[in-house]
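1. Mind looking at a prediction? Sequence and model below.
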Amino acid sequence: MTDSSSEVWRGAHSARQPQSRRRGPEEDWDHSRTGRQVGPRQVESSNQGLTTAAPFANSHHNSFSHSSFSVVGRDQVNTFVEDSEAGLKLLYQAIAHVGAFHDSETRYPPPKCHPKTRKAVLSDISSWIRGAEAETPVHWLYGPAGAGKSAIAQTLAESFACTEQGNHLAASFFFSRSDPSRNNPKSLIMVISCCLAVWCGNSQLRAAIDSAVETRPTILKSAIEKQFQQLVIEPFKAIPKESWETLPKVVIIDGLDECLGSDSQRRVLNTLFGGLRDQTPLRFLIASRPEPVIRDFFGQLPHCGITTRTELSDNYSTSRDIEVYLRDGFKAIAEKSHSDVMAHITLPWPSYGIIHELVQRASGQFIYASTVLKYVGEEYSIPVERLELVLGLPLGDPDAFSELDVLYQQILLSNRNKARVIQILGTILVMEDIRSERWVELELFKLGYHYIGDWEGIDIVEQLLSLPTGAVKVSLRGMHSVLQVDSRIVKFRHKSFLDFLFDARRSGEYFIDKALFHEQLARVCMKITNDSSHSLQSYAMYNCLTHIHLAKSTTDLVTELRCFNFCYVIEWYLRKWSDETPRYVSRSISVFQKYAKVLESHQIKTLSDSLQLGIYVTDTDGEELSKQFLSELEFLFALAMDCHYAPLNAIFPHNAPSSVGILAGLGCTISSLSMKKIFLCPDPRLHSHSHSTASCNPIWHFIDFERGYRRLAKHCLRTIRHNPSIKNRTRRGPSFSLKCGYIYAQSRVSELLYYSPLNVKLQHELKKTIPYLHGTEELHKVLLWLQDFPDDERDIEMEVAIQQYCEQFDANIEEDEEDEDEDEEE
């Protein structure tokens, strides 16, 4: 389902029409309505006269809200009705691009069981689906990769989507590891809710879902747990429970293991199981590989009792089904797709003995049979020669995937330039890898300036590898049985092929070491960043640090890293933000710390250590920066560094203020700093004048984080001392920021003192604030800071006072504990 235009909402039917198959929501929208029109549209009372546009033929820029119009001409009345399902339209638009339905164009052609196969397993699951009072509301279909789970799920979805079969299908969702729209749970609940509104044929349920979205449109961006509550459970509660019996109830979810991340898989299961029994009438067919987190979830005692299981294993029935599938597939090759080159071959081809041999090699894996047929029947191939190649492969280890591995090696051997093929496949895979890893490992960008699809094209791969145009398609010719190569992108058809490539024990010389390919692309990106005219500079800027972070630490890479100018890359990151100074400083700290993390991963600690001490700044016009400007920058950087290691949401778990709010709460006034006029650099020795907005003769100033910590600690001490009762105030007006400042100061002052330089004036500020500090832990940290002072500068009296406070605190705690024990005894 890819079309999100308003044409979907236009049609002439006001009630469901009998159909031979279940439509997708884009088709069913108008047919599932119960007398309500989606419009504006025209309802005519006669066959004469006016057109719909006539009443407003000469008007422009009309806007109508919650309105209806009647236009009378001769004996005809035209009525225009407002769009009454704005919520459902928003819901549809949110999922229009996903393509997760069983009949979505995105999945065409979907895997499907051969008509003569899988009869036993289809019969068992069909009985569960038809069961009006099934004791188990969940059916788990599981098996190894290539066992045919998706084909079974697809066949069942198509069968039970037909209204004449009983109208059992309530919703369907097919995960896909390679599709960014379907490899996560973000759209799952919205798709299910949309299907319920369109497919169930219940006007009250439809209206309840429409209202839920229209009144709370932010639900479309909420967590899946909240979406399930408001878009599924609550709409069911809004309709009479007796009507549940007439509704379709089965939700088919395929490929849960292809939902990336064990946490995401567990979240999906927890969410769905929360809607069982009395919450909704829904029942779930879940197909997946038996990944540990999924297997463990279904193995838990509460879930065992309400789950029916079907395991796809290598039994007699499966082997027979593969035999039927192979025989019919070879027949189609001989009689249809390759009838010209097979005209001289005696039929039936191949012989029963060869079919039996292939069935044994498949070891119950339909993907093996599918791969054989695709390889033998590939366009422009000679099927007899291809089959001989398959049969001539050594038997190898009798492991379930051993024959598939050998077949994959044979497919790869069909390409003459082996090194280039591996180089291309490795590059494509690490580019896919970085689209997920860069958010997890570095999180450099919360907001993207490019769509992911902009960096997955064949032309991008050719440019990164300096290959001539067309080299990728030529190199991958003959691999269409395992790859989908279209005009722009390359996709891997089977997860098992990726497993093969990533396992050195199985793939041998075709092994793809992702870390090594990240190393190669990291070095390519470092070169591209220095070439402002390169068409891939944007890709290099966005992904350079991530490639380096995930790269194997080779001698060549480390050598290039030590002399590479990162200043331009980091400046390029920071120039993407132009908001207020405190946030800019905060984000710059994040970028520099992640840069330090990249260096540490390759044992380059000189620069990463210096970034903990401070940073250099210069004016882009070569002017001298004022002392006040530098002092305020030190203060802001110290606050940003502290918040980086102790995030504000940890101190304020329910309502974290911004760094600007903390500044106000500490009574700090910062002048209007312009970050556009300065250039930041971790080390001036790395600075390159030709690639920076900094002047040709910059004057560098060192922003010392220790001095910033001292000023920040001083403000915290004064805040604690001057506002001892602020913690009891409510959130009204300016007192809220004061309260936040006070809480922050009490939480962080001991740490800030610890990182501050040994300053006598700061020691005097501390002495005045000691009576207002809380907790022995904080006071002990303060003692450690004092003990670093030289004897002639240390305030011994204050040390003694702190120790006395600590003893008093401990005594009070013991007394409180004794009182509690006495209360319990009484």
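-> Good, I have the coordinates. Residues are numbered from 1 along each chain as shown.

2. okay, CA-based contacts and neighbour counts for the rest of this
-> Noted.

3. how's the chain carved up into domains?
-> Listed domain ranges for the chain are 6-83, 88-311, 316-413, 418-564, 569-757, 770-826 (source: automatic domain parsing).

4. what would those look like in JSON lines with mean pLDDT?
-> Formatted as JSON lines, the domains of the chain follow (pLDDT from 0 to 100):
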{"stretch": "domain 6-83", "mean pLDDT": "44"}
{"stretch": "domain 88-311", "mean pLDDT": "89"}
{"stretch": "domain 316-413", "mean pLDDT": "83"}
{"stretch": "domain 418-564", "mean pLDDT": "81"}
{"stretch": "domain 569-757", "mean pLDDT": "79"}
{"stretch": "domain 770-826", "mean pLDDT": "70"}
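
5. Any chance of those domains in a markdown table with distance to residue 763 and mean neighbour count as columns?
-> Shown next, in a markdown table, are these (distance: least, Cα to Cα, whole Å; neighbours: other Cα atoms under 10 Å):
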| stretch | distance to residue 763 | mean neighbour count |
| --- | --- | --- |
| domain 6-83 | 67 | 14 |
| domain 88-311 | 48 | 19 |
| domain 316-413 | 70 | 17 |
| domain 418-564 | 39 | 17 |
| domain 569-757 | 9 | 18 |
| domain 770-826 | 8 | 14 |
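
6. Nearest to residue 764, out of those?
-> If you check each of the domains of the chain against residue 764 by Cα to Cα, domain 770-826 wins as the nearest, at 8.6 Å.

7. next one: stretch 487-499 to chain centre, how far?
-> 20 Å (Cα atoms, centre = their mean, to the nearest Å).

8. no no, stretch 253-273
-> Computed by Cα atoms, centre = their mean, the chain-centroid distance of stretch 253-273 equals 13 Å.

9. Residue 252 is in contact with residue 286, isn't it?
-> Yes. Under the criterion of Cα atoms under 8 Å, residue 252 makes contact with residue 286 at 6.2 Å.

10. show me the contacts for residue 387.
-> Residues near residue 387 by Cα atoms under 8 Å, 6 or more residues apart in numbering: residue 376.

11. Please settle this for me: is it part of a helix?
-> Yes. Membership of residue 387 in a helix is supported by DSSP: H, G, I helix; E, B strand; the rest coil.

12. where does the residue positioned nearest the centre of the chain land in three-state SS?
-> Centrality entry for the chain: nearest residue to the mean C-alpha point is residue 184, 5.8 Å, by Cα atoms, centre = their mean. Following three-state DSSP, we place residue 184 in the coil state.

13. Equivalent analysis for residue 702, please.
-> From three-state DSSP, the assignment for residue 702 is strand.

14. Please give me every residue in contact with it.
-> Residue 702 is in contact with 614-617, counting by Cα under 8 Å, 6+ apart.

15. mind checking how far the closest residue to the residue nearest to the centre of the chain other than its chain neighbours is from residue 212?
-> Closest residue to residue 184 apart from its sequence neighbours, by Cα to Cα, 6 or more residues apart in numbering: residue 259 at 4.9 Å. Residue 259 is 27 Å from residue 212, where distance means Cα to Cα, to the nearest Å.

16. chain center to stretch 214-230, what's the gap?
-> Per Cα atoms, centre = their mean, the centroid offset for stretch 214-230 relative to its chain is 18 Å.

17. Now residue 569: closest residue in space, sequence neighbours ignored.
-> With sequence-adjacent residues excluded and distances taken as Cα to Cα, 6+ apart, residue 569 is closest to residue 541, at 6.1 Å.

18. Do a quick rundown of the strands in the stretch 351-500 of the chain.
-> Ranges of strands in the stretch 351-500 of the chain, per DSSP state E, counting those that start in this stretch, are 483-485, 490-492.

19. which one of the contacts of residue 702 is nearest residue 754?
-> Closest approach to residue 754 among these (Cα to Cα): residue 614, at 16.3 Å.

20. Identify the residues contacting the closest one.
-> With contacts defined as Cα under 8 Å, 6+ apart, residue 614 is in contact with 682, 702-705.

21. hmm, back to that, for the residue nearest to residue 569, which three-state class applies?
-> With three-state DSSP as the basis, residue 541 sits in helix.

22. Begin at 853 from now on, thanks
-> Got it, the first residue is 853 from now on, which makes the last one we talked about residue 1393.

23. So it is in contact with residue 1420, correct?
-> No. Using Cα under 8 Å, residue 1393 is not in contact with residue 1420, being 9.2 Å away.

24. possible to save the strands of the stretch 1203-1352 of the chain as CSV with distance to residue 1643?
-> As requested, the strands of the stretch 1203-1352 of the chain are exported to CSV (distance: least, Cα to Cα, whole Å):
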stretch, distance to residue 1643
strand 1335-1337, 74
strand 1342-1344, 70
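
25. who touches stretch 1626-1636?
-> Applying Cα under 8 Å, 6+ apart, the contact partners of stretch 1626-1636 are 1598, 1602-1603, 1605-1606, 1625, 1651, 1654, 1657-1658, 1661-1662.

26. on that earlier part again, just to be sure, which of the contacts of residue 1554 are found in strands?
-> Residues of the contacts of residue 1554 located in strands (DSSP state E): 1466-1469.

27. just to revisit the earlier point, now the contacts of residue 1466 as a markdown table including distance to residue 1634?
-> Shown next, in a markdown table, are the contacts of residue 1466 (distance: Cα to Cα, whole Å):
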| residue | distance to residue 1634 |
| --- | --- |
| 1534 | 31 |
| 1554 | 27 |
| 1555 | 25 |
| 1556 | 22 |
| 1557 | 19 |
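
28. Contacts only, for the residue nearest to residue 1421.
-> By Cα under 8 Å, 6+ apart, the contact set of residue 1393 is 1377, 1381, 1421, 1424-1425.

29. same deal with residue 1212?
-> residue 1171.

30. returning to that earlier point: in TSV: the contacts of residue 1554, plus distance to residue 1398.
-> Below are those laid out as TSV (distance: Cα to Cα, whole Å):
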residue	distance to residue 1398
1466	23
1467	22
1468	24
1469	25
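
31. ok, the residues you listed vs residue 1529, which is closest?
-> Each of the contacts of residue 1554 was scored against residue 1529 by Cα to Cα, and residue 1469 proved nearest at 10.2 Å.

32. now the nearest residue to that closest one once chain neighbours are set aside: how far from residue 1473?
-> In this structure, residue 1469 finds its nearest non-sequential neighbour in residue 1532, 4.7 Å apart by Cα to Cα, 6+ apart. Note on residue 1532: its distance to residue 1473, by Cα to Cα, is 13 Å.

33. hang on, the earlier thing: contacting residues for the residue nearest to the centre of the chain?
-> Contacts for residue 1036 were tallied using Cα under 8 Å, 6+ apart; they are 1027, 1111-1112, 1116.

34. Could you tell me which of these belong to helices?
-> Per DSSP state H, helices hold the following members of these: residue 1116.

35. Of the contacts of residue 1036, which is the nearest to residue 1647?
-> Lowest distance from residue 1647 to these (Cα to Cα) belongs to residue 1116, with 55.0 Å.

36. can you pull the contacts of that closest one?
-> By Cα under 8 Å, 6+ apart, residue 1116 lies in contact with 1036-1037.

37. From residue 1329, how far off is it?
-> Distance from residue 1116 to residue 1329, counting by Cα to Cα: 37 Å.

38. that older thread, which among the contacts of residue 1393 gets closest to residue 1506?
-> residue 1425 (30.6 Å).

39. Check whether the closest one sits in a helix, strand or coil.
-> Using three-state DSSP, the three-state assignment for residue 1425 comes out as helix.

40. ok, which stretches of the stretch 1153-1302 of the chain are helices?
-> Using DSSP state H, counting those that start in this stretch, the helices of the stretch 1153-1302 of the chain run over 1153-1156, 1168-1184, 1204-1214, 1218-1228, 1235-1243, 1254-1265, 1270-1293.

41. Hmm, residue 1622 is touching residue 1656, no?
-> No. Assessed by Cα under 8 Å, residue 1622 is found out of contact with residue 1656, at 11.1 Å.

42. hey, where'd the strands end up in the stretch 1003-1152 of the chain?
-> Using DSSP E, counting those that start in this stretch, the strands found in the stretch 1003-1152 of the chain span residues 1021-1026, 1102-1106, 1135-1140.
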